[in-house]
Structure formats: structure tokens, C-alpha cells
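**Q** okay, structure incoming, though there's no sequence with it:
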Ligand SMILES: O=c1ccn([C@@H]2O[C@H](COP(=O)(O)OP(=O)(O)O[C@H]3O[C@H](CO)[C@@H](O)[C@H](O)[C@H]3O)[C@@H](O)[C@H]2O)c(=O)[nH]1
Ligand SMILES: [Mn+2]
């Protein structure tokens, strides 16, 4: 029949065949070598004691255990490499605008002192300007600080939006975040207009308005003291504009600050998102939701249509929960010394999961199907309706589960809607319900995104990774050592926690997740364990070297080749992956560096933190990362200079390790010259050289003169005692 001709597909999946072959070949070779290494270590233990000449058992066991952990994490990591895919989308094949589904946008902010209000407003404006029918777009801003400044700024931004949105549409801008647009070097208008004088004049006019907005926010006097306790504040910003003459179509904009009381746990971002889920449910109730962090602006207006290419695809939509876009950042330097962009995660690893069941939810930049947060795949949320206890006495909410899109009726019901919303945003609302346990974003973890995504997959939902060449969203990455390590500690604590509680992917491994997908989740929860082998391998072989205890095969031993192969193969594979994802050799070296630094510091702190939490000694915390711009810090970052102004608990271990390695290297060389045995000790000598080389920036940090150097006040109390202790250890070994 004519009317029913087959629609062209909205998206396509491509398996990256060449990469797949290279990956699997590498897996084969590397795992064979690891098996040989295992054989070498195990057979040693079964040797009669007499033949183990010169080998001490304890260091040997420590090194073996480290190798076992490294191998375990490596095996898990291979699941990401099994089936890498990429996708393309064809938004031009989407149905006409009036057939598109409505979208709610959720933006979270928590602290105006760390998250500049102007940036929050820019995120709001960029999402309002998405290329999507404005009556099908509703933007909700959650302000956990209940800051009058933020509320005022949102109102002002809404006024500005009345000229900003038509301007974006008229000239078809491809960057609709005002701050990015006005500071960009190139022009973002469509080529047809870029040179027209009308456009230039319009641009100047809008720029003035934007600067006025900026000024308004800068000069706003905020007299109220920051308080942890505050009642809910909910405001539909759009309402005051209804009598507009120009009749500009605007998305609904709602400001939501939930009630907070020190006596009630607020569950951080997950708590904020769940309030938005409820409030939006009675207001617009869109079937799809875009979640954004306050610093993640929409860099390109097409993401909504791209996401719809998956959500509206009849072949996948029934089980699809969310479309994840990669987190990309606008403040990354060329060599990215801290790997702030998390290159591996947001490129190859998410592509790898996409080839299995879909990427992990990454906190921001994803379009999720509302129903998937309310029940198992297949049930479509209806089973929750049976359980009234999840929605205590909120008939409005239960009603809305049956109701369709309501935005046209909003003005008429405003009063009752707001009353209802305050109830939904109150502290007591969730008591005795399943919110955060089974419904909405989950509370058990500070990495609510990981856990929520994991449970969605467990419930049979899938996800998709969409990575167009032009970044759809751009955020602000942490680009100084202190922020990187603090953020890392929070993440690794949260992740590791999920590896040792009842959500442990290897034990929990449910019916509906493919085995390889489960390994990916397991990798995410266990890679913080890197701290154990990295600590061991940075100290034990070196101290043994000093004491003449060989821990590795001699150069003449055939097993020597095995160790060399594993080392080279790991490094080469890493180099290959870095260059495939657009990195340089420099970037590769930097990733090795920061991996070691993070492993011995924030991985360790994260793991300990998770253990303390498990035993109830510590409480969960979520300090939002700093998003203020500091010129001094970004200059250092741009110059590839590590900024060592961070807590002593991070600097001390690094200094300890580098002193041990230098000392043992010198002592080891001396010993080899004196006693010989270079053959026996070669690998241990090499390891010390390698670690000193990789951590060279620390030595440089001690010698530098700028503000980011390592202060002598920290260095001396760590280095001197270490150096004093080492000869003592040496004597012990010789006794
Ligand atoms: O009590 C809180 C704490 C945080 N946030 C918001 O959560 C977002 C993420 O916080 P941020 O400080 O930027 O943390 P990051 O470590 O950069 O965030 C990453 O890691 C988080 C999980 O640890 C995810 O939630 C984020 O999406 C992901 O970008 C921000 O918009 C905050 O305003 C709240 O709304 N309430
Ligand atoms: Mn962030």
C-alpha cells in the first residue's frame, strides 16, 4: 500500500571491524603471556624451599598478588574492547514536528559560590534554544542552594530569551549558548546570513542585551546568608510573559528549589532529580527527559532530534531507556596533563559497551525515557500504579500517570499545580515510598548515574551511545590537580562501594545482562583497586633490589621475554588507543603519568573511603566540583605544568614513592657495580628507572619557582624521614 511505504531507518549501527580484529588479536597474545606469567609465579610456590635460593617469600607474594590484581582488572577491561561500534543518525527522516514527542530538560545546580550563576543561566538558555518545537520543550532548573541570585538570574534570563531564541532561529545559529557564541572566534550563524548587514546589526543589538544581563547578575546584591534549611520555592518563570506582543513561542521555564532540612538526608543530585521528576510530572509530563549538569551547555542545537532518531526507532524504542552523549569539555589543553577529558571512558569504552547493551549513564548529556525510571522494561511503569504507597496521597501525580501531555492547560490550573508541586518537593514526601530505592534516580551511591544506569540495564532496559563529530554538549572539566584528585576520590569511592555491596556486578549479575556487559560494570567498580598493585610495585621490588632479593626472572631466563612482552604490549596498546582517539605521544605519556599519580592517591583514598562507609564509620558526601575560572591555574595547565597546590594527603604519598625509587635506584646501581648480578636484578632496576621517569614532573615540581611548585614545607618533612629510614631497612635485610 502506498501510504504505508516502509520508512527509511532513522539510525545505523557500524561495527568497527578493523579495531575489533586488532583488539581480539591483542587479547589473545596478551592473555597468553599473562597465563605464562601466572604459571611462572605459581610454579615458584610449589618449588622445594632449597631451590628458591635468595627469594624471600613475602615480597614475592606481594608482587604476585599485584600482578594478579592487574591481570584481573585487565581481563575485565577487555569486555569494552570486544565489539566496538559506532552509530550514525538521519534526523532529516524524523516525522514532522507535530508528531514529535515532548521533552523535559532537567538542569541541576547546587552552590552559587562554586558554580557561577552566569554559566548556569547559559546552560538554561542553550537548552531553551534547542532545535525542537518550543511548545514541546520544558526546562526545569533545580537549585539546591535556594539562592535568590539564581532565581533572579533565571527571571532575567527568561526576558533575554525572548530575543535570544528568535535570533538563534532566524540566523540558524549552530551554537546557541550566548557566552560561547559571543566569545567564539568564528561566527556561528548559518553561511547564508553570516555576511548580511542585517545580521551584523542584530548581533550587536543582542550582544548589548547579553552584556546587560551579565551586568545584572554581577551587581545583584545577595543579602541572605546561605542556609542548609530552606522551604521549597517553585516558580513558573514563563507566566509573566504571556501578554507578549511579538508572540514569541517559548519553552516553559520552571525554577524549582526543593525543601531542605538538616535533619533529612537530601541525597544530593539524585534527590534533586527525583524532585524534578515529580514536579515535572504534574506540569508537563513529557515522555523524554534531557538531564544536564549546570556547567554542561548545549553546544549544538541538534541533540534532541538526534536522540529522537533512537527513541522513535520502532526497532529499538520499546526497550531503549536512554541515549547518552559523551561528556566533552571546552577547557581542555592540547596535552591535557591530568587527562581531564577522561579520554578512554568517553570514547573507546562507551563505544565498546554500546556494542553490547549500551553505555553507562554518565550523569549529564543523556535523553532518558521517563517510563524507564518507573519500572521494568515491558511493564511501562504501570505496575507502580498498583502500589499506591509510592505516591502518598498525591492524587494529582497518580492522575498524571494516566494523563497525556498537559502544557496547554497549565495556565488554567496554575494555582493547584503549584500547591501540588510544593508538596511533591517537600522533605517528608519520600518517607515510606520507594523513591530512590526502586523509583527514579537511586540513592545508595554518590555515583547515582552509574548505579541508576546499572539497575536500568538489570531491569532489561538498554542504552545507546551517540557521538556526532561536533560535540553536542560542552562542560567544564577539572583542570588542576587538587580538583582532579578530590573529584576522583568521590568517584572511586562511589564506584568501589558498588563493587563491595549488594550491587556487586559479578555477584548480582542478573538474568538480563549479557556476561560481557557485566564485566564492563565490574571493571568500573574494581579499577580503583589499581591502588594496591601500584603501591606494591612502586616499593616492594625497589626495596628488594636494595637488599639483593630478586623477584623477577634473570635476563637469560626464557620467562624474561614474557615479562618484557607484557610490559611492551600494554604500553603499545595504550599508545595505539590514544592515537586512534586523536591523541599525541605527549598525551600518551601524560596519561601514564596521571594514572600512576591518581592510583597511589585518590584511588587509595576512594577505596578506603568506601570501606569506612561500609563499616559505618563515614558518611557519604558530595562536594560539587569547583567551576570557577582561575587564570593563574589555567595558565599552568595550558603550559603542561602540574599544579601541586593540593592537600598534603595527596602530595605526601607521591613524594614518598619518588624518594624511595630514587634512593633504591642509586643504591641498586651501586650494588650492581659492587656485587654484579645485573642479570638477576635487571627488571627491578628497570622498574625504578621507569617510575622515576614517569614521575619526573614531581622532581621538576620540587625545583620549579612558580606558584604551583611543591612547597619545601611539605617536601622536607616527607623526604628526609624517608631517606633516613631506608638505610635502616637495608641493614635489616642484610642482617
Ligand atoms: O547536592 C548536590 C550536589 C550536586 N548537584 C549537581 O550535580 C551536578 C554534578 O556535580 P559536579 O560537582 O559537577 O560533579 P562532577 O564530579 O563533575 O559530576 C560528574 O559525576 C557525578 C557523579 O559523581 C554526576 O552526577 C555528574 O553528572 C558527572 O558530571 C552539578 O550540576 C551539581 O550542581 C546537585 O544538584 N545537588
Ligand atoms: Mn561537573
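**A** Great, that's in hand. These numbers come from a predicted model, not from an experiment. Numbers count the residues shown, from 1 in each chain. Ligands and ions are numbered 1, 2, ... in the order given.
**Q** so which bits of the stretch 601-735 of the chain are right by ligand 1?
**A** When proximity is defined as Cβ under 6 Å from any ligand atom, the stretch 601-735 of the chain approaches ligand 1 at 622, 624, 625. The way it works is simple: take the backbone N, C-alpha and C, and place the C-beta from them, glycine included.
**Q** which of those fall in strands?
**A** Among these, none falls in strands (DSSP state E).
**Q** tabulate those (JSON lines), appending pLDDT, neighbour count and distance to residue 320.
**A** Output for those, formatted as JSON lines (pLDDT from 0 to 100; neighbours: other Cβ atoms under 10 Å; distance: Cβ to Cβ, whole Å):
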{"residue": "622", "pLDDT": "87", "neighbour count": "16", "distance to residue 320": "29"}
{"residue": "624", "pLDDT": "88", "neighbour count": "21", "distance to residue 320": "30"}
{"residue": "625", "pLDDT": "91", "neighbour count": "17", "distance to residue 320": "30"}
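**Q** these into a markdown table, with extra columns for distance to residue 590?
**A** Converted to a markdown table, these look like this (distance: Cβ to Cβ, whole Å):
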| residue | distance to residue 590 |
| --- | --- |
| 622 | 28 |
| 624 | 26 |
| 625 | 20 |
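**Q** residues near the residue of the chain found nearest ligand 1, how many?
**A** Among all residues of the chain, residue 363 sits closest to ligand 1, at 1.9 Å; criterion: Cβ to the nearest ligand atom. Residues contacting residue 363 under the criterion other Cβ atoms under 10 Å number 21.
**Q** against residue 78, how distant is the residue lying closest to it once chain neighbours are set aside?
**A** Closest residue to residue 363 apart from its sequence neighbours, by Cβ to Cβ, 6 or more residues apart in numbering: residue 449 at 3.9 Å. Taking Cβ to Cβ, to the nearest Å as the measure, residue 449 falls 24 Å from residue 78.
**Q** please say which of these two ends up with more neighbours.
**A** Neighbour totals were compared for residue 449 and residue 78, and residue 449 leads with 23 against 19 (other Cβ under 10 Å).
**Q** what sits against the more buried one?
**A** Each residue near residue 449 by Cβ atoms under 8 Å, 6 or more residues apart in numbering is listed here: 360, 361, 362, 363.
**Q** what's next to stretch 592-605, contact-wise?
**A** Counting by Cβ under 8 Å, 6+ apart, 337-339, 481, 484-486, 488-489, 492-493, 527-531, 534-535, 538, 571, 574, 649-650, 653-654, 657, 691, 694-695, 697 sit against stretch 592-605.
**Q** let's verify the residue minimising distance to the centre of the chain: helix, strand, or coil?
**A** The centre of the chain sits closest to residue 362, judged by Cα atoms, centre = their mean, with a distance of 5.5 Å. Here residue 362 is coil, with the state taken from DSSP: H, G, I helix; E, B strand; the rest coil.
**Q** renumber starting at 40 from here on
**A** All set: I'll call the first residue 40, so the last point we hit is now residue 401.
**Q** what's the pLDDT at it?
**A** Per-residue confidence (pLDDT) for residue 401: 96.
**Q** thought it was touching residue 363?
**A** Yes. With contact defined as Cβ atoms under 8 Å, residue 401 reaches residue 363; the gap is 5.7 Å.
**Q** surely residue 328 forms part of a strand?
**A** Yes. Using three-state DSSP, the secondary structure at residue 328 is a strand.
**Q** right, I'll call it a day here.
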